[in-house]
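Q: Got a predicted structure here, sequence first:
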Amino acid sequence: MYETETVLRAAIAALVEGDVETLKTLFADDVVNHMPGTNKISGDFKGAEQFFGDFLGTLMSLTDGQVSVKPHDVLGNADHAIGVYNWTATREGRTIEWRQVNVYHIRDGQIVELWQHPFDFERWNEFWS
């Protein structure tokens, strides 16, 4: 197993368990998160402060913490890891379930960049708008 896959599996476990302190150790201080769309969680979030505060903080605020992720598969090579997930979120009385694939660039045991790709983009983008 490549280190990239090990790092991603640890990050997923921390996210699922709500262990933010461990999660923070697995993301580089200068991490960049690319989230597509034109909604409240879209954009490029640069640095751990923006990723954890602006992106994850907004996600949790919009859902009152009613968001969950279940990993479907994780793959890795020397530089990248890919995670496929099933997500569920509730917002303003509406619930959405969606599948998503994320591509991670991992260096020195930390995630340095990630690209998130919801499969049913239009429905997902409307939900978060």
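A: Okay, I see it.

Q: Stretch 88-100: which residues count as buried?
A: By 16 or more other Cβ atoms under 10 Å, the buried positions in stretch 88-100 come out as 89, 91, 96, 98, 100. (Each C-beta comes from the backbone N, C-alpha and C, glycine too.)

Q: From those residues, which land in strands?
A: 89, 91, 96, 98, 100 (DSSP state E).

Q: and those residues, which two are the farthest apart?
A: Between any two of these, the greatest separation by Cβ to Cβ is 16.1 Å, found for 91 and 100.

Q: Switch the ones in strands among the buried residues of stretch 88-100 over to CSV, and while doing so, append pLDDT and distance to residue 34 to every line.
A: Output for those, formatted as CSV (pLDDT from 0 to 100; distance: Cβ to Cβ, whole Å):
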residue, pLDDT, distance to residue 34
89, 98, 19
91, 97, 22
96, 98, 21
98, 98, 17
100, 98, 13
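
Q: which one of those residues sits closest to residue 25?
A: residue 100 (23.4 Å).

Q: wait, that closest one sits on residue 89?
A: No. Using Cβ atoms under 8 Å, residue 100 is not in contact with residue 89; the gap is 11.2 Å.

Q: would CSV of the buried residues of stretch 88-100 with distance to residue 120 be doable?
A: Output for those, formatted as CSV (distance: Cβ to Cβ, whole Å):
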residue, distance to residue 120
89, 13
91, 16
96, 9
98, 6
100, 9
